[in-house]
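this is a predicted model, with the sequence first.
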Amino acid sequence: MNEPLSADVVVIGSGIVGALVAQRLALQGASVLILESGPRVGRDRLVANFRNSPRKSDFMSPYPFSAWSPHPVYQPMDNDYLVQAGPYPYKAEYIRIVGGTTWHWAAQAWRVLPNDLRIHSL
Ligand SMILES: Cc1cc2nc3c(=O)[nH]c(=O)nc-3n(C[C@H](O)[C@H](O)[C@H](O)COP(=O)(O)OP(=O)(O)OC[C@H]3O[C@@H](n4cnc5c(N)ncnc54)[C@H](O)[C@@H]3O)c2cc1C
(Lines give C-alpha, C1' and ligand atoms only; values in the text may rest on other atoms or scores of the structure.)
Protein backbone atom coordinates (compact mmCIF):
# COMPACT_ATOMS: atom_id res chain seq x y z
CA MET A 1 0.00 0.00 0.00
CA ASN A 2 2.12 2.86 -1.21
CA GLU A 3 -0.64 5.12 -2.52
CA PRO A 4 -2.59 7.29 -0.12
CA LEU A 5 -6.21 6.14 0.11
CA SER A 6 -9.26 8.20 0.91
CA ALA A 7 -12.98 7.58 1.38
CA ASP A 8 -16.10 9.28 2.76
CA VAL A 9 -16.12 6.86 5.68
CA VAL A 10 -13.41 4.70 7.19
CA VAL A 11 -14.69 1.63 9.05
CA ILE A 12 -12.30 0.09 11.56
CA GLY A 13 -12.59 -3.70 11.64
CA SER A 14 -14.00 -6.18 9.13
CA GLY A 15 -16.21 -8.26 11.45
CA ILE A 16 -19.94 -8.57 10.91
CA VAL A 17 -20.66 -5.15 12.41
CA GLY A 18 -18.03 -3.38 10.29
CA ALA A 19 -19.14 -5.27 7.19
CA LEU A 20 -22.83 -4.41 7.68
CA VAL A 21 -22.09 -0.74 8.33
CA ALA A 22 -19.81 -0.60 5.29
CA GLN A 23 -22.40 -2.27 3.07
CA ARG A 24 -25.22 0.04 4.17
CA LEU A 25 -23.10 3.13 3.60
CA ALA A 26 -21.92 1.89 0.21
CA LEU A 27 -25.51 1.16 -0.85
CA GLN A 28 -26.34 4.79 0.00
CA GLY A 29 -23.56 5.97 -2.31
CA ALA A 30 -20.75 6.65 0.14
CA SER A 31 -17.23 5.51 -0.60
CA VAL A 32 -16.08 3.27 2.21
CA LEU A 33 -12.69 2.00 3.28
CA ILE A 34 -12.44 -0.89 5.75
CA LEU A 35 -9.25 -1.02 7.80
CA GLU A 36 -8.53 -4.46 9.25
CA SER A 37 -5.57 -5.07 11.52
CA GLY A 38 -5.42 -8.84 11.07
CA PRO A 39 -4.23 -10.88 8.10
CA ARG A 40 -6.45 -12.26 5.32
CA VAL A 41 -6.62 -16.04 5.65
CA GLY A 42 -8.43 -18.24 3.14
CA ARG A 43 -11.12 -20.70 4.18
CA ASP A 44 -9.04 -23.55 2.70
CA ARG A 45 -6.17 -22.69 5.04
CA LEU A 46 -8.49 -22.48 8.08
CA VAL A 47 -10.13 -25.82 7.28
CA ALA A 48 -6.70 -27.42 6.83
CA ASN A 49 -5.54 -25.91 10.13
CA PHE A 50 -8.59 -27.38 11.87
CA ARG A 51 -8.09 -30.82 10.32
CA ASN A 52 -4.41 -30.83 11.27
CA SER A 53 -4.91 -29.50 14.78
CA PRO A 54 -4.39 -31.96 17.63
CA ARG A 55 -6.56 -29.62 19.78
CA LYS A 56 -10.00 -29.91 18.16
CA SER A 57 -11.80 -28.66 21.28
CA ASP A 58 -9.78 -25.45 21.16
CA PHE A 59 -11.89 -23.26 18.89
CA MET A 60 -9.03 -20.78 18.49
CA SER A 61 -6.51 -23.28 17.17
CA PRO A 62 -7.25 -22.86 13.41
CA TYR A 63 -6.86 -19.08 13.49
CA PRO A 64 -3.30 -17.81 13.07
CA PHE A 65 -1.97 -15.54 15.78
CA SER A 66 -0.18 -12.41 14.70
CA ALA A 67 1.89 -10.31 17.06
CA TRP A 68 0.67 -7.06 15.47
CA SER A 69 -3.02 -8.01 15.85
CA PRO A 70 -3.13 -10.26 18.90
CA HIS A 71 -6.09 -12.28 20.07
CA PRO A 72 -6.55 -14.59 23.05
CA VAL A 73 -4.99 -18.04 22.85
CA TYR A 74 -5.71 -20.56 25.62
CA GLN A 75 -4.09 -23.80 24.52
CA PRO A 76 -1.56 -25.20 24.92
CA MET A 77 -0.78 -22.16 27.12
CA ASP A 78 -2.90 -19.14 28.04
CA ASN A 79 -1.22 -16.11 26.50
CA ASP A 80 -2.89 -13.91 29.17
CA TYR A 81 -3.87 -11.42 26.50
CA LEU A 82 -7.18 -10.66 28.21
CA VAL A 83 -6.82 -9.26 31.71
CA GLN A 84 -9.44 -11.03 33.83
CA ALA A 85 -9.77 -8.74 36.83
CA GLY A 86 -13.42 -9.34 37.70
CA PRO A 87 -14.93 -11.88 40.10
CA TYR A 88 -16.10 -14.21 37.31
CA PRO A 89 -13.25 -14.79 34.84
CA TYR A 90 -14.56 -15.82 31.45
CA LYS A 91 -12.34 -17.12 28.72
CA ALA A 92 -13.79 -14.96 25.97
CA GLU A 93 -12.60 -15.72 22.47
CA TYR A 94 -12.37 -13.43 19.51
CA ILE A 95 -10.54 -13.57 16.22
CA ARG A 96 -8.47 -10.84 14.62
CA ILE A 97 -8.24 -11.72 10.95
CA VAL A 98 -10.20 -10.43 7.95
CA GLY A 99 -13.84 -11.34 8.74
CA GLY A 100 -13.32 -11.14 12.51
CA THR A 101 -15.03 -13.37 15.06
CA THR A 102 -17.76 -14.26 12.58
CA TRP A 103 -15.47 -17.11 11.55
CA HIS A 104 -16.50 -18.65 14.88
CA TRP A 105 -20.23 -18.53 14.24
CA ALA A 106 -21.70 -21.67 15.83
CA ALA A 107 -25.10 -21.50 14.09
CA GLN A 108 -27.03 -20.21 17.08
CA ALA A 109 -29.52 -17.52 16.07
CA TRP A 110 -30.96 -16.16 19.29
CA ARG A 111 -34.48 -14.78 19.25
CA VAL A 112 -35.11 -11.19 20.17
CA LEU A 113 -36.13 -10.96 23.84
CA PRO A 114 -38.57 -8.34 25.22
CA ASN A 115 -35.72 -6.53 26.97
CA ASP A 116 -33.85 -6.20 23.68
CA LEU A 117 -36.50 -3.63 22.71
CA ARG A 118 -36.06 -1.70 26.00
CA ILE A 119 -32.32 -1.16 25.91
CA HIS A 120 -32.65 2.65 26.26
CA SER A 121 -34.86 2.52 29.36
CA LEU A 122 -32.95 -0.35 30.90
C1 LIG B 1 -16.68 -19.69 19.71
C2 LIG B 1 -17.73 -18.63 19.37
C3 LIG B 1 -18.94 -19.02 18.81
C4 LIG B 1 -19.93 -18.05 18.51
N5 LIG B 1 -21.12 -18.47 18.00
C6 LIG B 1 -22.11 -17.57 17.78
C7 LIG B 1 -23.40 -18.00 17.29
O8 LIG B 1 -23.63 -19.16 17.07
N9 LIG B 1 -24.35 -17.06 17.11
C10 LIG B 1 -24.13 -15.73 17.34
O11 LIG B 1 -25.04 -14.94 17.15
N12 LIG B 1 -22.91 -15.30 17.78
C13 LIG B 1 -21.91 -16.18 18.01
N14 LIG B 1 -20.70 -15.77 18.49
C15 LIG B 1 -20.50 -14.34 18.72
C16 LIG B 1 -20.20 -13.63 17.40
O17 LIG B 1 -19.22 -14.37 16.66
C18 LIG B 1 -19.67 -12.22 17.71
O19 LIG B 1 -20.55 -11.55 18.58
C20 LIG B 1 -19.53 -11.39 16.45
O21 LIG B 1 -18.79 -12.07 15.46
C22 LIG B 1 -18.86 -10.06 16.80
O23 LIG B 1 -18.82 -9.28 15.62
P24 LIG B 1 -18.15 -7.86 15.63
O25 LIG B 1 -18.18 -7.34 14.22
O26 LIG B 1 -18.78 -7.03 16.70
O27 LIG B 1 -16.66 -8.07 16.12
P28 LIG B 1 -15.44 -8.99 15.44
O29 LIG B 1 -16.05 -9.98 14.53
O30 LIG B 1 -14.64 -9.40 16.58
O31 LIG B 1 -14.73 -7.93 14.52
C32 LIG B 1 -13.84 -6.98 14.98
C33 LIG B 1 -12.77 -6.81 13.90
O34 LIG B 1 -12.08 -5.59 14.15
C35 LIG B 1 -10.69 -5.82 13.97
N36 LIG B 1 -9.98 -4.82 14.75
C37 LIG B 1 -9.98 -4.70 16.10
N38 LIG B 1 -9.24 -3.63 16.46
C39 LIG B 1 -8.80 -3.06 15.31
C40 LIG B 1 -7.99 -1.92 15.02
N41 LIG B 1 -7.49 -1.16 16.00
N42 LIG B 1 -7.72 -1.63 13.72
C43 LIG B 1 -8.22 -2.40 12.72
N44 LIG B 1 -9.00 -3.50 12.93
C45 LIG B 1 -9.27 -3.82 14.21
C46 LIG B 1 -10.45 -7.23 14.46
O47 LIG B 1 -9.25 -7.77 13.93
C48 LIG B 1 -11.72 -7.93 13.92
O49 LIG B 1 -11.53 -8.44 12.62
C50 LIG B 1 -19.69 -16.68 18.77
C51 LIG B 1 -18.44 -16.29 19.29
C52 LIG B 1 -17.48 -17.24 19.61
C53 LIG B 1 -16.17 -16.78 20.18
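Perfect, I can see it now.

show me what the longest helix along the chain is packed against.
Using DSSP state H to define each element, the chain has its longest helix at helix 16-27. Under the contact criterion of 3 or more CB pairs under 8 Å, 6 or more residues apart in numbering; DSSP states H and E, helix 16-27 touches strand 9-12, strand 32-35. C-beta here means a position set from N, CA and C on the backbone, and glycine is covered the same way.

of these, which is nearest Arg43?
Arg43 lies closest, by CB to CB, to one member of these: strand 32-35, at 18.7 Å.

who does the closest one pair up with?
With DSSP bridges as the test, strand 32-35 is paired with strand 9-12 (parallel).

follow-up on the earlier one: residues contacting the longest helix of the chain, please?
Under the criterion CB atoms under 8 Å, 6 or more residues apart in numbering, residues Asp8, Val9, Val11, Ile12, Val32, Ile34, Glu36, Gly100, Thr101, Thr102 lie in contact with helix 16-27.

and the pLDDT for the second one?
For Val9, the pLDDT comes out at 98.

just the helices from the protein, written as ranges.
16-27, 43-52.

what about Arg96, how many residues nearby?
Using other CB atoms under 10 Å, Arg96 has 22 neighbouring residues.

contacts only, for it.
Counting by CB under 8 Å, 6+ apart, Arg96 touches Ser37, Gly38, Ser66, Ser69, Pro70, His71.

can we see that at 10 Å?
Applying CB atoms under 10 Å, 6 or more residues apart in numbering to Arg96 gives the contacts 13-15, 36-39, 63-66, 68-72.
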